[in-house]
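A.B. asks: Return a 3D structure for these sequence lines:
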Amino acid sequence: MRAWALVIAAVLQLVQSAPVFAQANPASGDVGFIGIPEYTSTETGLPFFFKEDADWVDGAYKAMRDAIAKCDLYAYRHAHGGLLTPGAVGPFERDAKTPSEAQRARDRASARQAGLSAPAFPEPCNPPTHQAGDRFHPYNLSLSVLGGGLIPSNSTAYVTGVDTFTPGNFLIDNRSSGNSSTATGLFGTRAQMAVFLIRQAMEKERQPAGFRVFVETGIQTGFGANSFTQSFQGINTVPQGFGQQLVRENLQVPILVGVSIPLAAEIFASASSSARMYYISPPSLDLYGGITLDSWTHSLAGRDGGAPAGPGFNASNNRFTVDPTIGIGLRFPIPGVPNLSIGTNAEVQFRPGSVVQAPSANFPSETYYGTVDPRANFLLMGRIAWSFGSP
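C.D. replies: You can find the predicted model right below:
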């Protein structure tokens, strides 16, 4: 029976492509006889030269049936669009230079024919398992790993010494020299839940990636690195205080809301020359704002030069502030890796000022005050994100 099947397939091949038995003509791209398809799609009955192509078409048909059963328009488009576009990937049969390329091109043409003959998505679609006939799941969850740096915008700070030895006539010394802001490393993870903003347009158009609003949160840390350092000395005539004022970066929890704007139309890509297709999200621009729950430490430590053998002074203020935050980001798909993207973000956090107080252990009338002014912290970060759900 298999021999008869091969004979019949050969006859069909001759009828569909009579020129294949003709003399090869390199100028026209004719590579001569390219063989007989040995594999058949069980879903469509179409012949294929490569088993993986026949299996891919069968899988696409099954995915479309499942999507129709679930009223999942995105899943349907994902499977159906892959069948319609493979002719644009790689050479057409007329451009093939070898029999193998011609076989691949013939399989692509058969896949497109399968796409044109595929069952249509029903309108309306109301399966009993869905409420209100929802035909599209406009949600996307992405998890990101990010790393970058926190860059303080200024280094304005003061160390003040107040001596109450003479009541009513305090001796005050104020120093602001030796200030230094330092960029610190920042690493963390974030989760983003996005919801399509223009849903009706997506249901009617082939373009599934519309404007989205999203909520994003996560956790990031500077691992206690110093983002600000001020060295001081000679505070007040007798105590002669010297030491350092520091700001350390601990943990941050951003809570952000924004909009994602696609910068291109939908993209279908091929994972290999076998013409299998998959959907990848287009590049997008993110604009967002919100707050950052910010844990940082403001400390003041030193000694009294007027009492070199005495103990030093040390005070620390663990701050927890709510910093207004704005940001902008770009995200790009990674070719060849579905659902994975890379991106870069720039954010500005507006942090309030702080004061820390450290009394001298050697001079009871002397108190040191460390002050840092409000400042903006710039965050520059790169990220790798994995997406789940509609792109």
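A.B. asks: Summarise which helices and strands whichever helix in the chain runs longest is packed against.
C.D. replies: What stands out as the longest helix in the chain, according to DSSP state H, is helix 51-70. If you count contacts as 3 or more Cβ pairs under 8 Å, 6 or more residues apart in numbering; DSSP states H and E, helix 51-70 packs onto strand 39-40, helix 73-84, helix 99-116. The way it works is simple: take the backbone N, C-alpha and C, and place the C-beta from them, glycine included.
A.B. asks: Only C-alpha atoms, please: export that helix in PDB.
C.D. replies: Extracted in PDB, the C-alpha atoms of helix 51-70 (Å, rounded to 0.1, in the frame of the first residue of the first chain):
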ATOM      1  CA  LYS A  51       8.000  15.700   9.500                       C
ATOM      2  CA  GLU A  52       8.500  18.700  11.900                       C
ATOM      3  CA  ASP A  53       6.600  20.900   9.400                       C
ATOM      4  CA  ALA A  54       3.600  18.500   9.200                       C
ATOM      5  CA  ASP A  55       3.600  18.200  13.000                       C
ATOM      6  CA  TRP A  56       3.800  22.000  13.400                       C
ATOM      7  CA  VAL A  57       0.800  22.500  11.200                       C
ATOM      8  CA  ASP A  58      -1.100  19.900  13.100                       C
ATOM      9  CA  GLY A  59      -0.100  21.600  16.400                       C
ATOM     10  CA  ALA A  60      -1.300  25.000  15.000                       C
ATOM     11  CA  TYR A  61      -4.700  23.500  14.100                       C
ATOM     12  CA  LYS A  62      -5.100  22.000  17.500                       C
ATOM     13  CA  ALA A  63      -4.100  25.200  19.200                       C
ATOM     14  CA  MET A  64      -6.700  27.100  17.100                       C
ATOM     15  CA  ARG A  65      -9.400  24.600  18.100                       C
ATOM     16  CA  ASP A  66      -8.500  25.000  21.800                       C
ATOM     17  CA  ALA A  67      -8.500  28.800  21.400                       C
ATOM     18  CA  ILE A  68     -11.900  28.700  19.800                       C
ATOM     19  CA  ALA A  69     -13.200  26.500  22.600                       C
ATOM     20  CA  LYS A  70     -11.900  28.900  25.200                       C
END
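A.B. asks: between it and helix 99-116, how big is the angle?
C.D. replies: Here helix 51-70 runs at an angle of 10 degrees relative to helix 99-116 (axes from the mean of the first three to the mean of the last three Cα atoms, to 10 degrees).
A.B. asks: Just give me how far helix 51-70 sits from the chain centre.
C.D. replies: Computed by Cα atoms, centre = their mean, to the nearest Å, the chain-centroid distance of helix 51-70 equals 29 Å.
A.B. asks: That helix versus helix 73-84: what angle between them?
C.D. replies: Using the same axes, to 10 degrees: helix 51-70 against helix 73-84 is 150 degrees.
A.B. asks: Which of the residues in helix 51-70 are classified as buried?
C.D. replies: Neighbour counts over helix 51-70 (16 or more other Cβ atoms under 10 Å) mark 53, 54, 56, 57, 58, 60, 61, 63, 64, 67, 68, 70 as buried.
A.B. asks: Same check on stretch 245-264?
C.D. replies: Buried-residue list, stretch 245-264, by 16+ other Cβ under 10 Å: 245-252, 254, 256, 258, 260, 262.
A.B. asks: strand partners of the helix or strand harbouring residue 327, parallel vs antiparallel please.
C.D. replies: Using DSSP states H and E, residue 327 maps to strand 313-333. Sheet pairing of strand 313-333 (DSSP bridges) gives strand 284-304 (antiparallel), strand 340-351 (antiparallel).
A.B. asks: Which one of the buried residues of stretch 245-264 is nearest to residue 372?
C.D. replies: In terms of Cβ to Cβ, no member of these lies closer to residue 372 than residue 247, at 6.1 Å.
A.B. asks: Can you pull out the low-pLDDT segments for the stretch 201-350 of the chain?
C.D. replies: Residues of the stretch 201-350 of the chain meeting the criterion pLDDT under 70: 201-210, 265-281, 336, 338.
A.B. asks: Let's have the buried residues of helix 51-70 in TSV, adding pLDDT and distance to residue 216.
C.D. replies: Supplementary listing: the buried residues of helix 51-70 in TSV, determined by pLDDT from 0 to 100; distance: Cβ to Cβ, whole Å:
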residue	pLDDT	distance to residue 216
53	89	40
54	91	43
56	87	36
57	91	39
58	92	39
60	89	34
61	92	37
63	88	30
64	89	33
67	83	29
68	85	33
70	79	28
